[in-house]
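*Asks:* here is my input; please provide its structure:
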Amino acid sequence: MINCAYASKWMLSNPIEVRIGDRLDFSTARSIADQKAREKAAEPMLLAWFDKKSGKFSPDQICCDRDKPSWLVYAEKRGGHIAVDINNEEYVFVYRDVEPDVLTH
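*Replies:* Numbering: from 1, shown residues only. Next comes the predicted model:
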(Lines give C-alpha, C1' and ligand atoms only; values in the text may rest on other atoms or scores of the structure.)
Protein backbone atom coordinates (compact mmCIF):
# COMPACT_ATOMS: atom_id res chain seq x y z
CA MET A 1 0.00 0.00 0.00
CA ILE A 2 1.17 3.54 -0.71
CA ASN A 3 1.74 6.23 1.88
CA CYS A 4 -1.71 7.74 2.33
CA ALA A 5 -0.53 11.34 2.14
CA TYR A 6 1.91 11.44 -0.75
CA ALA A 7 0.94 11.90 -4.36
CA SER A 8 3.00 11.05 -7.40
CA LYS A 9 2.76 12.78 -10.73
CA TRP A 10 1.17 9.69 -12.34
CA MET A 11 -1.77 10.03 -9.94
CA LEU A 12 -2.63 13.54 -11.13
CA SER A 13 -4.77 13.91 -14.22
CA ASN A 14 -3.12 16.41 -16.56
CA PRO A 15 -1.66 18.64 -13.82
CA ILE A 16 -0.69 22.25 -14.28
CA GLU A 17 2.99 22.12 -13.42
CA VAL A 18 4.59 25.14 -11.78
CA ARG A 19 8.28 25.46 -10.96
CA ILE A 20 9.30 28.18 -8.55
CA GLY A 21 12.97 28.39 -7.62
CA ASP A 22 12.40 30.27 -4.39
CA ARG A 23 11.64 28.58 -1.13
CA LEU A 24 7.90 28.61 -0.74
CA ASP A 25 5.62 28.53 2.22
CA PHE A 26 2.10 27.11 2.08
CA SER A 27 0.41 30.51 1.80
CA THR A 28 2.50 31.57 -1.20
CA ALA A 29 2.05 28.19 -2.88
CA ARG A 30 -1.71 28.43 -2.34
CA SER A 31 -1.82 31.91 -3.89
CA ILE A 32 0.07 30.68 -6.94
CA ALA A 33 -2.20 27.65 -7.28
CA ASP A 34 -5.34 29.79 -6.93
CA GLN A 35 -4.10 32.02 -9.75
CA LYS A 36 -3.34 29.05 -12.01
CA ALA A 37 -6.76 27.50 -11.29
CA ARG A 38 -8.47 30.80 -12.23
CA GLU A 39 -6.79 30.52 -15.63
CA LYS A 40 -8.69 27.23 -16.19
CA ALA A 41 -12.00 27.85 -14.40
CA ALA A 42 -14.38 30.77 -13.95
CA GLU A 43 -14.94 29.99 -10.26
CA PRO A 44 -12.42 27.47 -8.97
CA MET A 45 -13.15 25.89 -5.61
CA LEU A 46 -10.31 24.24 -3.71
CA LEU A 47 -11.28 20.69 -2.78
CA ALA A 48 -8.02 19.22 -1.51
CA TRP A 49 -4.37 20.03 -0.98
CA PHE A 50 -1.11 18.41 0.03
CA ASP A 51 1.99 19.99 1.62
CA LYS A 52 4.96 17.62 1.36
CA LYS A 53 7.19 19.67 3.71
CA SER A 54 4.83 19.37 6.64
CA GLY A 55 3.25 16.07 5.59
CA LYS A 56 -0.17 17.70 6.00
CA PHE A 57 -3.11 17.36 3.66
CA SER A 58 -6.77 18.21 3.50
CA PRO A 59 -9.27 16.81 3.86
CA ASP A 60 -7.51 15.06 6.70
CA GLN A 61 -8.56 11.47 6.02
CA ILE A 62 -6.62 8.59 7.50
CA CYS A 63 -7.68 5.95 5.00
CA CYS A 64 -6.70 5.66 1.37
CA ASP A 65 -7.52 3.45 -1.56
CA ARG A 66 -5.03 1.07 -3.12
CA ASP A 67 -3.62 3.50 -5.67
CA LYS A 68 -4.17 7.06 -4.46
CA PRO A 69 -4.18 9.02 -1.21
CA SER A 70 -7.61 9.73 0.26
CA TRP A 71 -7.41 13.52 -0.09
CA LEU A 72 -6.93 13.06 -3.85
CA VAL A 73 -9.71 10.48 -4.13
CA TYR A 74 -11.99 12.85 -2.19
CA ALA A 75 -11.31 15.68 -4.65
CA GLU A 76 -11.71 13.55 -7.76
CA LYS A 77 -15.02 12.08 -6.60
CA ARG A 78 -16.31 15.63 -6.11
CA GLY A 79 -15.39 16.85 -9.57
CA GLY A 80 -11.83 17.95 -8.91
CA HIS A 81 -10.26 18.04 -12.35
CA ILE A 82 -7.84 20.93 -12.04
CA ALA A 83 -4.63 19.85 -10.32
CA VAL A 84 -1.83 22.32 -9.69
CA ASP A 85 1.52 20.66 -8.97
CA ILE A 86 4.10 23.04 -7.54
CA ASN A 87 7.77 22.01 -7.54
CA ASN A 88 7.33 18.31 -8.29
CA GLU A 89 4.60 17.56 -5.75
CA GLU A 90 6.08 19.79 -3.03
CA TYR A 91 2.57 21.26 -2.97
CA VAL A 92 -0.48 19.90 -4.78
CA PHE A 93 -3.86 21.64 -4.96
CA VAL A 94 -6.98 20.18 -6.58
CA TYR A 95 -9.91 22.35 -7.68
CA ARG A 96 -13.23 22.07 -9.41
CA ASP A 97 -15.11 24.77 -11.28
CA VAL A 98 -18.31 25.72 -9.45
CA GLU A 99 -19.59 27.80 -12.37
CA PRO A 100 -21.30 24.86 -14.16
CA ASP A 101 -23.33 24.15 -10.99
CA VAL A 102 -24.56 27.74 -10.92
CA LEU A 103 -25.75 27.50 -14.52
CA THR A 104 -27.65 24.24 -14.02
CA HIS A 105 -29.61 25.27 -10.91
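
*Asks:* next secondary structure after the longest helix along the chain?
*Replies:* Counting residues, the longest helix in the chain under DSSP state H turns out to be helix 26-40. As assigned by DSSP states H and E, the chain's next helix or strand after helix 26-40 is strand 44-51.

*Asks:* run through the neighbouring helices and strands of that following strand.
*Replies:* helix 26-40, strand 56-58, helix 70-77, strand 91-97 (3 or more CB pairs under 8 Å, 6 or more residues apart in numbering; DSSP states H and E). To be clear about C-beta, it is placed using only N, CA and C from the backbone, and glycine gets the same treatment.

*Asks:* re earlier: where's the longest helix of the chain relative to the chain centroid, distance-wise?
*Replies:* Here the centre of helix 26-40 is set off from its chain's centre by 10 Å, with CA atoms, centre = their mean, to the nearest Å.

*Asks:* model confidence over it, on average?
*Replies:* Helix 26-40 shows a mean pLDDT of 96.

*Asks:* related to what we said a few turns ago, out of the helices and strands packed on strand 44-51, which is the most enclosed?
*Replies:* Stretch with highest mean neighbour count among these: strand 91-97 (a mean of 26; mean count of other CB atoms under 10 Å).

*Asks:* pLDDT (mean, whole number) over that strand?
*Replies:* Per-residue scores along strand 91-97 average to 95.

*Asks:* who does that strand pair up with?
*Replies:* strand 44-51 (antiparallel), strand 82-86 (antiparallel) (DSSP bridges).
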